[in-house]
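Engineer: sequence first, then the predicted structure:
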There are 6 protein chains.
Amino acid sequence: MFAISLGDDGAELRPLEPWQAEEFLAHMDRGREFIGQYITLADVVTDLESSRAYLQSYADKAAAETGRIYGIWTGGRLVGGVLFRTMDVEHGVAEAGCWLEPSAAGKGLVTRAARVIIGWAIEERGLHRIEWLASTENEASIAVARRLGMRKDGVLRERYPYRGRRHDTEVWSLLAPEWRAGGRSDLRSP
Amino acid sequence: MFAISLGDDGAELRPLEPWQAEEFLAHMDRGREFIGQYITLADVVTDLESSRAYLQSYADKAAAETGRIYGIWTGGRLVGGVLFRTMDVEHGVAEAGCWLEPSAAGKGLVTRAARVIIGWAIEERGLHRIEWLASTENEASIAVARRLGMRKDGVLRERYPYRGRRHDTEVWSLLAPEWRAGGRSDLRSP
Amino acid sequence: MFAISLGDDGAELRPLEPWQAEEFLAHMDRGREFIGQYITLADVVTDLESSRAYLQSYADKAAAETGRIYGIWTGGRLVGGVLFRTMDVEHGVAEAGCWLEPSAAGKGLVTRAARVIIGWAIEERGLHRIEWLASTENEASIAVARRLGMRKDGVLRERYPYRGRRHDTEVWSLLAPEWRAGGRSDLRSP
Amino acid sequence: MFAISLGDDGAELRPLEPWQAEEFLAHMDRGREFIGQYITLADVVTDLESSRAYLQSYADKAAAETGRIYGIWTGGRLVGGVLFRTMDVEHGVAEAGCWLEPSAAGKGLVTRAARVIIGWAIEERGLHRIEWLASTENEASIAVARRLGMRKDGVLRERYPYRGRRHDTEVWSLLAPEWRAGGRSDLRSP
Amino acid sequence: MFAISLGDDGAELRPLEPWQAEEFLAHMDRGREFIGQYITLADVVTDLESSRAYLQSYADKAAAETGRIYGIWTGGRLVGGVLFRTMDVEHGVAEAGCWLEPSAAGKGLVTRAARVIIGWAIEERGLHRIEWLASTENEASIAVARRLGMRKDGVLRERYPYRGRRHDTEVWSLLAPEWRAGGRSDLRSP
Amino acid sequence: MFAISLGDDGAELRPLEPWQAEEFLAHMDRGREFIGQYITLADVVTDLESSRAYLQSYADKAAAETGRIYGIWTGGRLVGGVLFRTMDVEHGVAEAGCWLEPSAAGKGLVTRAARVIIGWAIEERGLHRIEWLASTENEASIAVARRLGMRKDGVLRERYPYRGRRHDTEVWSLLAPEWRAGGRSDLRSP
């Protein structure tokens, strides 16, 4: 029932919950190859049961305040999402991330959605540091981090085994003062 | 970050979560006497710990799909809320309820908020029967049930022990076809 | 090892526990069609595993004081039972129920058994209100409620989806003073 | 509500459950010094909370089929009990035990009660070996083992630390064929 | 990484943990017939899943301080082990045991390993009584108990159902003062 | 009972378990000020209960294969330790760390101990990447990382709130091929 407009093109950010497992799976089926290039999500969500299990894991994280997941809809179709893979309220740190099916790429949807949840995390929840991890080869994800005003903290060498090869993982971050200086907090539900 | 406008007076419906325990307690402190006339909420939420425990119990219900709670804000102040005390998606039944601090009474806030969550439950989640339980003496709550288009199913005699006396409990209900016939589904986030 | 005589015909009420799963299943196999007319029990207990799981759920309820189940034996054969599907000792409310295989119907066994457990609940455990829920079409069950001296509180419209159709559910109740006025408390183990 | 007569003197064996914690504590207060000579029960049950916790531990054992506890009442007063401290249905072994407040000693109550539960364990549950452990100094307990037809298997040296000293523990046992040969199975609820 | 030399023949005692499930299974496959003569271990560990489950059960016991398991390696091959099947630190009692594949029998490996863990239990952990249980027919195991300086406390008649027959179980024990008098505490990691 | 020599000075690495809570607390009391300069351990372990809880958390991690802790003893006194704060066997990554009371500093104890556990993790458990996190101000810890042959992956800006200030956290890492090239695997129990 809740929704936040992401702009004039009708895109919306909404909660993404276990009862939407079927819709989430259909979306993943459309985007599996594209999404699966650099992240495991496509390998994890492969049928209704695994789709429900994945969303339930985030419902449990939400209840425990250790993570959140949100979907992006355009024209009534779920096309991607943003999430806090981890949230450590006590220490003021969260790791944000995103995914998108190919039909929705290139419109800045993820950047807009990420701004909404980062704004909430920093301004309403008081978080200090938002992290963004991506394979050094995942240029699209790194471009989002850059557009969000993040800075690169370093490269975790060979940290991420994926499809038979170990990837280097870039760590980007945005600190609360940097967020505020960028005046990024103007997005809210109208 | 999510919010749904409840009308032109600026009232909003938003998620109500454990991290808002302090705000919830302050609200309960303002409305304790009024709210506590017929329902236990005022006796249950008495300090920060019990406020957090109460909201956590609903965060857990949300994760398990067995209940939900939402707050009503006017002018940036939390003044009441609506909830599904129970939700049984498998059998298509949920029990809705509400509370309000006195300063916010008489404006139809609860009725408007209840319509939003009932619409979501029936139209998005496929529930068939929304119940509403209230002490026979709680005229305000019964008036809401009536305004929601509910019908009285009966009176559970002496079912509810509260502050040293057993109250009769009225059961009201709204069925999905009745909801749809009433054209109540026009409320959504703008 | 415990047993309470239900009358001169040799019928007995006894605890019904997980280790009796095989006997319970054989009984359910004999009565499945008859029992399954209005209640889910016949659909829930279909093999040894589900029989054990059902009885274990009541063993767990007994340990937590949230429910109880008892069997009725005649001539050494398990033919039915009575139960507290829910027990809320703190609020003084319990929901009683029953089932029977067809060979044992028409002898008042369930009424006698229900009197024993209701007497225990009211007199030994201090419960105030015993509820009895039945489909409006389940005349046999409603007849028992009537014989127990219960009164009808109302009809929960379309509350119970069963075998593809939603049934109206009648709520009957018996209050402690009514029970005591009826002098029903004379049944105990001899 | 269940009860088994232990003879013409009105003594009865009944389930002993958490809701009887107050009654159990009063009994323990009367018998503490006597009961506490050789067994820890008197040191474990010292107030309402510990009384409830002790009985709850046996309610949990009952639900898991790993133990049972029963009380002995004479003239409406709880004066002692018998129990299966452990029950291993899979391997056919259980350890029985007893306790008594001094006013009820010398009447054979415990022996009679133990026969009832041992008969149930062997004949209804199929157990093969009933054990009885007692400090070598606990002559009353050893006398019960002897009266039950048990034989001494050995002495576990310094096995049981109690009140600052390590006691030798005698192990007695009764096997199913011995029980049956003794014709002990004639006791049931009348 | 930890290891204790058991003598000049290169035998070593090491922790045995869930990640070694494959090695443990291979060892059990070599010794299944021999080991399975008197103890259930050979019937319990039959594939990788059950091997991992068995070792995990001891990892959990170790974390809860209720048991321990250690392997014996000779020439880099796992050939047997010793364990505390139960450990009750509060009461100062533990039950020790052992197993061996046939190629490693007759070298005193188990006796040497048992001395190491008994020494640790008595001297570092303060245990008072180490028990050793074995079928009366398991002469090898009883010989170890004797070599460890244990004394026979008795025979638990027909206590242990194994492969269709009930075995008598001998109970042997060693008390802390007996251990110390025997001067057995000279073994440690070099 | 297990111990690994760390060199000719008698220093030893041993398991560190909940039953050693008292010894661990005494050590922490001696080193609290020194240890607490940059890491929370000194603030977490302040009495016997918290000491036991801390060690228990690592006993649980060990059982779940998600972490390990080891103590360093010199002359029979616990003076520090090394640990895997996290271990992700599936992805081949672990975060190592250390602490030391001041009397034991400057002798290379931590470096030697870390080599032992890193060797075990890489060679016996197959881990690929060992991480080391430290405040940029914690020169001693960074020196250890350097001595272990690690390389700096980056600096996580303001990641670690400690005693009222947010510290930058350096991430160092050692990959399995680097470890092997360095010939570090020659340390084992003699």
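Structural biologist: Yes, it's here.

Engineer: list the buried residues of stretch A:87-95.
Structural biologist: Of the residues in stretch A:87-95, those buried by neighbour count under the rule 16 or more other CB atoms under 10 Å in any protein chain shown are A:87, A:92-95. C-beta: built from backbone N, CA, C; applies to glycine.

Engineer: now, among those residues, which is nearest to C:Ala113?
Structural biologist: C:Ala113 lies nearest to A:Met87 out of the buried residues of stretch A:87-95, by CB to CB, at 53.8 Å.

Engineer: how close does A:Thr66 get to C:Ser135?
Structural biologist: 44 Å (CB to CB, to the nearest Å).

Engineer: which pLDDT value belongs to A:Ala63?
Structural biologist: As predicted, A:Ala63 sits at a pLDDT of 98.

Engineer: now it: which helix or strand?
Structural biologist: Using DSSP states H and E, A:Ala63 sits in helix A:48-64.

Engineer: so that helix, near chain B or not?
Structural biologist: Yes - interface with chain B: helix A:48-64 contributes A:56, A:59-60, A:62-63 (CB under 8 Å from any CB of the partner chain).

Engineer: so who does A:Val93 touch?
Structural biologist: By CB atoms under 8 Å, 6 or more residues apart in numbering or on different chains, A:Val93 lies in contact with A:86, A:127-131, F:159.

Engineer: sorry, back to before: restricted to strands, list the buried residues of stretch A:87-95.
Structural biologist: Counting by DSSP state E, the part of the buried residues of stretch A:87-95 found in strands is A:87, A:93-95.

Engineer: could I get those as a markdown table with pLDDT?
Structural biologist: Shown next, in a markdown table, are those (pLDDT from 0 to 100):
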| residue | pLDDT |
| --- | --- |
| A:Met87 | 98 |
| A:Val93 | 98 |
| A:Ala94 | 98 |
| A:Glu95 | 98 |
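
Engineer: and which of the residues you listed is nearest to D:Gly31?
Structural biologist: Nearest member of these to D:Gly31, counting by CB to CB, is A:Met87, at 55.5 Å.

Engineer: the closest one contacts A:Glu65, correct?
Structural biologist: Yes - between A:Met87 and A:Glu65 a contact is recorded at 6.3 Å, counting by CB atoms under 8 Å.

Engineer: give me the contacts around stretch A:150-165.
Structural biologist: Contacts of stretch A:150-165 (CB under 8 Å, 6+ apart): A:38-40, A:130, A:132-133, A:135-136, A:145, A:166-174, A:178, F:91-93, F:128-129, F:131, F:151-157, F:171, F:173, F:175.

Engineer: whichever of these end up buried, select them in ChimeraX.
Structural biologist: This is how ChimeraX selects the buried members of the contacts of stretch A:150-165, with burial counted by 16+ other CB under 10 Å:
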select /A:38,39,130,132,133,135,145,166,167,169,170,171,172,173,174,178 /F:92,93,128,129,131,153,154,155,156,157,171,173,175
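
Engineer: what about A:Ile130, distance to chain D?
Structural biologist: Per CB to the nearest CB, to the nearest Å, A:Ile130 is found 46 Å from chain D.

Engineer: in what helix or strand does that residue lie?
Structural biologist: Using DSSP H and E, A:Ile130 falls in strand A:129-135.

Engineer: next secondary structure element downstream of that strand?
Structural biologist: Heading C-terminal from strand A:129-135 (DSSP H and E), you reach helix A:139-147.

Engineer: next secondary structure element downstream of that next one?
Structural biologist: strand A:151-162.

Engineer: the inter-axis angle of that next one versus strand A:129-135?
Structural biologist: Inter-element angle recorded for strand A:151-162 and strand A:129-135: 50 degrees (by axes from the mean of the first three to the mean of the last three CA atoms, to 10 degrees).

Engineer: what does chain A have sitting close to chain C?
Structural biologist: Proximity of chain A to chain C, by CB under 8 Å from any CB, involves no residues.

Engineer: indicate the residue of chain A located nearest to chain F.
Structural biologist: The minimum distance from chain A to chain F, using CB to the nearest CB, falls at A:Gly154 (1.1 Å).

Engineer: wait, does the strand holding A:Ile130 contact chain B?
Structural biologist: No - against chain B, strand A:129-135 shows no contacts by CB under 8 Å from any CB, the least distance being 14.4 Å.

Engineer: could you tell me the angle between that strand and helix A:139-147?
Structural biologist: Using the same axes, to 10 degrees: strand A:129-135 against helix A:139-147 is 160 degrees.

Engineer: just for chain A, where's the confidence low?
Structural biologist: A:183-190 (pLDDT under 70).
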